[in-house]
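Q: Okay, structure incoming, though there's no sequence with it:
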């Protein structure tokens, strides 16, 4: 059984080149987030719980691993939901835990 943190997370991403193109020691951050993803309540695509990881793709999209729903949620560079992959269930691209 997969265990996840129970709190809702508001994810703020800071300015800089996509993670794949940078070494950690050269990461440049801005004083203000360029995107903020996550709500305490509202549209399901934005309510996050049990976030275990996030990354920025070379095209600027942000992928969030949301353990609470067993989903990967994909947002564009401005934080707008693009699509969701996976989820709990028995079907293809689903998780049973």
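A: On my side now, so go ahead. Since this is a predicted model, take the numbers as computed values, not measurements.
Q: I'd guess residue 68 is in a strand, am I close?
A: No - secondary structure of residue 68 (DSSP: H, G, I helix; E, B strand; the rest coil): helix, not part of a strand.
Q: so it makes contact with residue 49?
A: Yes - the pair residue 68 / residue 49 is scored as a contact, 3.6 Å apart, by Cβ atoms under 8 Å. C-beta: built from backbone N, CA, C; applies to glycine.
Q: the more surrounded of the two?
A: residue 68 (19 against 15; other Cβ atoms under 10 Å).
Q: measure the more buried one to residue 61 for me?
A: 21 Å (Cβ to Cβ, to the nearest Å).
Q: Could you give the bridge partners of residue 51?
A: residue 66 (DSSP bridges).
Q: likewise residue 72?
A: residue 65, residue 85.
Q: Which pLDDT value belongs to it?
A: Note on residue 72: pLDDT of 93.
Q: Surely residue 88 and residue 69 touch.
A: Yes - with contacts counted by Cβ under 8 Å, residue 88 reaches residue 69, the gap being 6.9 Å.
Q: Would you mind telling me which of these two has more residues around it?
A: residue 69 (18 against 13).
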